[in-house]
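In: Sequence plus predicted model, see below.
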Protein chains: 2
Amino acid sequence: MRERPQTSAPAGRPAVAARPVIRRALLSVDVVLFTPHGRRLTVLLVRATDPRARERWELPWDAARTEEALDVAAARIARSALGAGAAWTRQVVASGGDQRHPGETEFSIAYLGLVPAGTPPPMGGEASWFAMDEIPPLAPRHRAMVDSALAMLRLELDQSPVAFRLLPPTFTLSQLQEVYEVLLGRKLHKASFRRALHAAWLVEPIDEWRSEGRGRPAQLFRYAPKKRRTGRRGVRFDLLG
Amino acid sequence: MRERPQTSAPAGRPAVAARPVIRRALLSVDVVLFTPHGRRLTVLLVRATDPRARERWELPWDAARTEEALDVAAARIARSALGAGAAWTRQVVASGGDQRHPGETEFSIAYLGLVPAGTPPPMGGEASWFAMDEIPPLAPRHRAMVDSALAMLRLELDQSPVAFRLLPPTFTLSQLQEVYEVLLGRKLHKASFRRALHAAWLVEPIDEWRSEGRGRPAQLFRYAPKKRRTGRRGVRFDLLG
DNA sequence: TGACATTAGTGACCGAGTGTGACTAATTCG
DNA sequence: CGAATTAGTCACACTCGGTCACTAATGTCA
């Protein structure tokens, strides 16, 4: 799943690469960027900048700066590692010194970022997408952040329309369903999925069709939420756990 | 709603009170403790330790210690402020220097804690419960933490059985429903509530009845989740927002 | 003491929502 | 052409959730 390092001039990741590798920061901001690759969810990792690092890969991160808000820092770090900004970010978890950080920082704040499908990592092989089940060894704190970020993403899935952030501006309903299936980790029934989607007035069809190989061409849709749904319903004890 | 400061010897809050008020910490851990008082949700505030503080009340907090995990610190701070430990804690949010902290710390990590109904604050009037709509002026970062903590609590409400942490070990179903109503901020229908609760096998009746004033005495229940509910259902687009 | 208010608890109806299978539609491949 | 494949819809059965109506057990008060 890891994308081949393109054989080109090493560019990209200016700010993160320029981070002084010796200084030991008290607080770091670390970013877990997700994007779908086919039926698999992938995470962006960058090569360890410190040559003495125990692991060869790590999450994009940098020391927190006192003059910069945390979410601004997360956006900056994502942009440095990816070249482009994330479509959506959200704070995940703060963790302390009981788990080792690749930069030996005392505390860390992890952010989650979503990147639309098809966004390549910058050239030079300094950053690559890894499927969730093929993630190389990471420092324990980074490994925990990845798991927490995925859990947070799944939590967020039925609170905000995050799935659309993982898709290009126009997409087919099969693509959308595939994203939901990847995030939920289970298959969904086509008819149910479309019925619920239609009832929520979240997407609108555009006058374009896309044919991918064999089979009937699919209509393209765009995310365009129409109404406030008044829906909120009763207490759902059945999904406690 | 604020409880009268009992006129007794000033005890309690040893660790927090002993915090050096001058030292400017980089990172603080702040705790938002909730408990229900009748039909209102209340938050624990302590008197500002620094006499030069702009606000007279603040959330219990302390500087983060590098040798102590964050959740351990939160538990310690809760115990210092309340005398007893919280029944459940959860990390809420990390915030940075764009909002003023009463201790002028650069970064803060907020924790949410639930305290069973009926737990009094320690003697001496150094700590009191305040209803959500009667919270005195707080430093902006603390004010934001309270709001985030309530939002997180409501989110958590249908993910884990947190409501039971706000009740004593045995309770009536009316009490349980009242807690849900306070947390959700709306009335629930009795029959629906009980039907859903019964179907989820979360509580079991004990052989005791309690009569509170007039009306039929209510049976007491205890939290005792029985089965794994297999229930998970389809995508709920309708509650996106 | 007996009517009434009050709170607890349950049964039943009904409409909306959900899981499911079966169907039609439009394309590619051989 | 027909088979395979993917897109899209319909209809049925069942569940779930909102609601009303009723019974039950207590305290209050005339």
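Out: Received, thanks.
In: Now do the buried residues in stretch A:161-170.
Out: Neighbour-count burial for stretch A:161-170, with 16 or more other CB atoms under 10 Å in any protein chain shown as criterion, is recorded at A:Pro161, A:Val162, A:Ala163, A:Phe164, A:Arg165, A:Leu166, A:Leu167, A:Thr170. For glycine as for every other residue, the C-beta is placed from the backbone atoms N, C-alpha and C.
In: Sorry, slip of the keys, the one I care about is stretch A:60-70.
Out: For stretch A:60-70, using 16+ other CB under 10 Å, the buried residues are A:Pro60, A:Trp61, A:Asp62, A:Ala63, A:Ala64, A:Arg65, A:Glu68, A:Leu70.
In: Show me the contact partners of it.
Out: A:13, A:15-16, A:19, A:23, A:25, A:27-31, A:33, A:44, A:46, A:73, A:76-78, A:80-82, A:91, A:102-103, A:105, A:108-109, A:111, A:127, B:94-98, B:106-107 (CB atoms under 8 Å, 6 or more residues apart in numbering or on different chains).
In: Please list only the buried members of the residues you listed.
Out: A:13, A:16, A:19, A:25, A:27-31, A:33, A:44, A:46, A:73, A:76-78, A:80-82, A:91, A:102-103, A:105, A:108-109, A:111, A:127, B:94-97, B:106-107.
In: Looking at chain A, which strand is longest?
Out: In chain A, with assignment by DSSP state E, the single longest strand is strand A:27-37.
In: so what strands line up beside that one?
Out: strand A:40-47 (antiparallel), strand A:61-63 (antiparallel), strand A:107-114 (parallel) (DSSP bridges).
In: Now distance to A:Asp133 and mean pLDDT too, for these, in TSV please.
Out: TSV is the format used below for the strands paired with strand A:27-37 (distance: least, CB to CB, whole Å; pLDDT from 0 to 100):
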stretch	distance to A:Asp133	mean pLDDT
strand A:40-47	8	96
strand A:61-63	23	96
strand A:107-114	19	98
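In: Relative to A:Met123, which of those strands is closest?
Out: Closest of these to A:Met123 is strand A:40-47, at 13.1 Å (criterion: CB to CB).
In: Distance from the chain centre to that closest one, please.
Out: 8 Å (CA atoms, centre = their mean, to the nearest Å).
In: Name the next helix or strand following that strand along the chain.
Out: strand A:57-58 (DSSP states H and E).
In: Would you map the helices across chain A?
Out: A:14-17, A:70-82, A:140-157, A:173-184, A:190-200 (DSSP state H).
In: mean pLDDT for those helices: which is lowest?
Out: Across the helices of chain A, helix A:14-17 has the smallest mean pLDDT, namely a mean of 42.
In: Could you report the distance from the closest residue to DNA strand D within chain A to chain B?
Out: Relative to DNA strand D, the nearest point of chain A is A:Gly215 (2.2 Å; CB to the nearest atom of the strand). Separation of A:Gly215 from chain B (CB to the nearest CB, to the nearest Å): 23 Å.
In: what about that residue, neighbour count?
Out: Other residues lying near A:Gly215 total 8 when counted by other CB atoms under 10 Å in any protein chain shown.
In: how close does it sit to A:Tyr223?
Out: 24 Å (CB to CB, to the nearest Å).
In: what's the residue closest to the geometric middle of chain A?
Out: Closest residue to the average C-alpha location of chain A: A:Phe34 at 2.1 Å, with CA atoms, centre = their mean.
In: Quick check: it touching A:Leu112?
Out: Yes. Shown here, A:Phe34 and A:Leu112 form a contact pair, counting by CB atoms under 8 Å, at 7.2 Å.
In: Overlap of the contact sets of the two?
Out: Contacts common to A:Phe34 and A:Leu112, judged by CB under 8 Å, 6+ apart, are A:Ala149, A:Leu153.
In: still on that earlier bit, from the helices of chain A, which stretch is densest packed?
Out: Highest mean neighbour count among the helices of chain A (mean count of other CB atoms under 10 Å in any protein chain shown): helix A:70-82, with a mean of 22.
In: okay, that helix in CSV with CA atoms only?
Out: Presented in CSV, the C-alpha positions along helix A:70-82 are these (Å, rounded to 0.1, in the frame of the first residue of the first chain):
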residue,chain,number,x,y,z
LEU,A,70,-2.9,24.5,18.7
ASP,A,71,-5.2,24.0,15.8
VAL,A,72,-3.2,26.5,13.7
ALA,A,73,-0.1,24.5,14.6
ALA,A,74,-1.8,21.3,13.5
ALA,A,75,-2.8,22.8,10.1
ARG,A,76,0.8,24.1,9.6
ILE,A,77,2.3,20.7,10.3
ALA,A,78,-0.2,18.9,8.0
ARG,A,79,0.6,21.4,5.2
SER,A,80,4.4,20.9,5.7
ALA,A,81,4.1,17.1,5.5
LEU,A,82,1.5,16.8,2.8
